[in-house]
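> Fold the following.
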Amino acid sequence: MSGILLKEVRLEGKVCDVLIEGRRFSRIAEHIAAPDAQRIECGGKLAIVPPFQNMHSHLAMTLLRGYADDMELFEWLEKHIWPAEAKLSQDDVYWGTRLALLEMIRSGSVFVNDMYWHQGATLRAVEEMGLRAAIGFMYICVPGGGVLESNRQANEELREQAQNRSARISLTHAPHAIYTVNEKTLLEIGEKARTEDAVLHIHAAETLREVRQCQAEHGKSPIAYLHGLGLLGPKTVLAHCTHLSDEDIGLISDSGSTIAHNPVSNMKLCSGLFRFQDALQAGCRIGIGTDGCASNNNLSMLDEMKFAALSAKVQSGNPEAGKAEEVFRAATQAACQCFDIDAGEIAVGKLADAVLLRLQEPSMLGDYNLRANLVYSADSRVVDTTICDGKILMLHGEIPGEEEILERNRVICRRLGGGH
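Presented below is the predicted three-dimensional model:
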């Protein structure tokens with residue numbers, strides 16, 4: 001067969017045919033004849049929309065879903081999560097990542113900006129399952145010293161394994177945070193990212209403790225500190241940003257940096273409420289991420305959009321903040337700008353990334369505003385088919401290899417939980 005033909009699919013409220021040839025949308029018309037293409041009969045009951053783009057996650061944390069809940073960030077990290085992660089092997093991360101990608105496909109996401117250990121295993125899982133990803137060279141420093149030896153080795157392995165990677169995968173430089181990576185190393189990482197024209201991905205201004213520590217040590221906020229080091233710019237992704245001053249927002253906007261907003265994780269860890277509307281009105285580029293499953297506890301961007309909209313309203317005290325259209329755009333287009341992905345809309349010539357939605361699900365009725373329903377009422381049951389780069393990853397709810405992924409992860413979780 002040559003290509004994929006979507007028959008009688010709803011696009012922006014109108015029924016049409018959509019033809020995918022190779023990696024791109026090639027035709028959109030009232031009627032298309034493509035006898036050699038694989039046909040997906042939509043019958044006017046499926047709608048096509050751009051898929052979701054997860055701007056910040058730690059994929060293999062699916063293995064730690066429910067492992068440690070209901071506590072503050074630093075207690076959670078230092079006493080529970082980091083000790084558990086020290087037990088993970090490359091094989092564990094490979095299967096945990098496949099579980100995460102399975103969940104993403106089921107909930108309509110085809111891109112993730114990931115920061116985690118054993119990145120070579122992550123790369124292999126993403127290649128095999130057909131999604132898009134930005135995979136980070138991870139950096140955490142030994143107290144008073146340089147980058148952890150395990151990080152350094154993993155980064156070398158990732159660079160070697162990534163030489164023949166597909167166009168769906170990019171590499172980033174991912175220093176964990178300003179409190180785990182020293183200034184000298186941050187400057188070196190920034191220079192590497194500039195030399196390679198790569199994205200720099202870092203947790204920033206996530207907690208009050210981080211902000212106060214930075215003020216005490218450097219006399220400025222985390223955002224101002226990163227700006228002073230020359231690390232803000234159009235190729236920078238700042239995860240969380242729950243504690244921003246007006247000056248911080250101005251620096252982010254002026255530099256063209258992207259904020260990766262993670263509302264569910266922020267609320268669960270009581271890290272704070274991101275000033276979504278203030279940042280948006282200041283011209284900041286905003287994407288939405290789920291964070292990892294240990295602090296979310298799922299990878300559904302549908303959930304994340306609802307929390308993004310609601311937290312914007314609560315934080316600002318303004319019901320007009322976090323409008324559905326603005327939130328949907330943040331969840332489906334921010335990665336395209338930051339990572340130079342020629343997608344984010346259903347249009348001729350664009351890369352063929354798409355989700356088909358079941359309009360007959362109860363949560364999709366009333367049917368006055370599709371995007372409002374996606375932001376406020378839908379869950380993953382509305383996702384029928386997921387397409388990435390012109391390939392079908394899930395067709396009518398069926399994903400090849402799903403049972404093996406689930407069983408392999410059950411075995412790993414039983415081992416990890418043995419001493420917990």
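> State the mean pLDDT of stretch 322-340.
Mean per-residue pLDDT for stretch 322-340: 97.
> So for that stretch, what gets flagged as buried?
Along stretch 322-340, the positions that meet the burial threshold by neighbour count (16 or more other C-beta atoms under 10 Å) are 322-324, 326-336, 338-339. In this view, the C-beta of every residue, glycine as well, is placed from N, C-alpha and C.
> go on, stretch 338-356?
338-339, 341, 343-344, 346, 350-356.
> Next up, the contacts around G292.
With contact taken as C-beta atoms under 8 Å, 6 or more residues apart in numbering, G292 is in contact with 57-59, 61-62, 64, 116, 265.
> Of the buried residues of stretch 322-340, which is the nearest to A162?
F339 (15.0 Å; C-beta to C-beta).
> doesn't S170 make contact with that closest one?
Yes: between F339 and S170 a contact is recorded at 5.8 Å, counting by C-beta atoms under 8 Å.
> Residues that sit against both of these two, list them.
Residues touching both F339 and S170 by C-beta under 8 Å, 6+ apart: 134, 199.
> My read is that E8 contacts E41, right?
Yes: applying C-beta under 8 Å as the test, E8 and E41 come out as touching, 7.2 Å apart.
> before we move on, the earlier item: among the contacts of G292, which one lies nearest to V18?
Scanning these for proximity to V18, where the rule is C-beta to C-beta, the winner is S57, at 29.0 Å.
> returning to that earlier point: of the contacts of G292, which is the most crowded?
Neighbours here are counted as other C-beta atoms under 10 Å. On that basis the top member of the contacts of G292 is L59, with 30 neighbours.
> Now that one: closest residue in space, sequence neighbours ignored.
With C-beta to C-beta, 6 or more residues apart in numbering as the measure, A100 is the residue that lies nearest to L59, at 3.9 Å, once sequence neighbours are left out.
> Would you quantify the distance from that neighbour to R24?
With the distance defined as C-beta to C-beta, to the nearest Å, A100 ends up 27 Å from R24.
> Of those two, which one has the most company?
For A100 versus R24, neighbours defined as other C-beta under 10 Å are more numerous around A100 (35 against 18).
> before we move on, back to that, who does the host helix or strand of the residue nearest to L59 touch, helix- and strand-wise?
Using DSSP states H and E, A100 sits within helix 90-106. Packed against helix 90-106, as judged by 3 or more C-beta pairs under 8 Å, 6 or more residues apart in numbering; DSSP states H and E, are the following elements: strand 109-114, helix 119-129, strand 383-388, strand 391-394, helix 402-416.
> switch to 6 Å and redo it
With contacts defined as 3 or more C-beta pairs under 6 Å, 6 or more residues apart in numbering; DSSP states H and E, the secondary structure elements packing on helix 90-106 are helix 119-129, helix 402-416.
> ok, back up a step: could I get the contacts of G292 as CSV with pLDDT?
Formatted as CSV, the entries for these read as follows, by pLDDT from 0 to 100:
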residue, pLDDT
S57, 98
H58, 97
L59, 98
M61, 96
T62, 97
L64, 95
Y116, 95
S265, 96
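> Just give me the neighbour total for Y139.
So Y139, with other C-beta under 10 Å, has 25 neighbours.
> sorry, that was for K79
Around K79 there are 11 residues (other C-beta under 10 Å).
> Also E183?
Burial measure for E183: 13 neighbouring residues, criterion other C-beta under 10 Å.
> Restricted to strands, list the contacts of G292.
Secondary structure defined by DSSP state E assigns S57 of those to strands.
> and of the contacts of G292, the nearest to H218?
S265 (25.6 Å).
> so who does the closest one touch?
Contacts of S265 were listed using C-beta atoms under 6 Å, 6 or more residues apart in numbering, and they are 291, 295-296.
> repeat that with 8 Å
240, 271, 290-292, 295-296.
> for A133, same thing?
The contact partners of A133, taken as C-beta under 8 Å, 6+ apart, are 111-114, 122-123, 126, 168-170.
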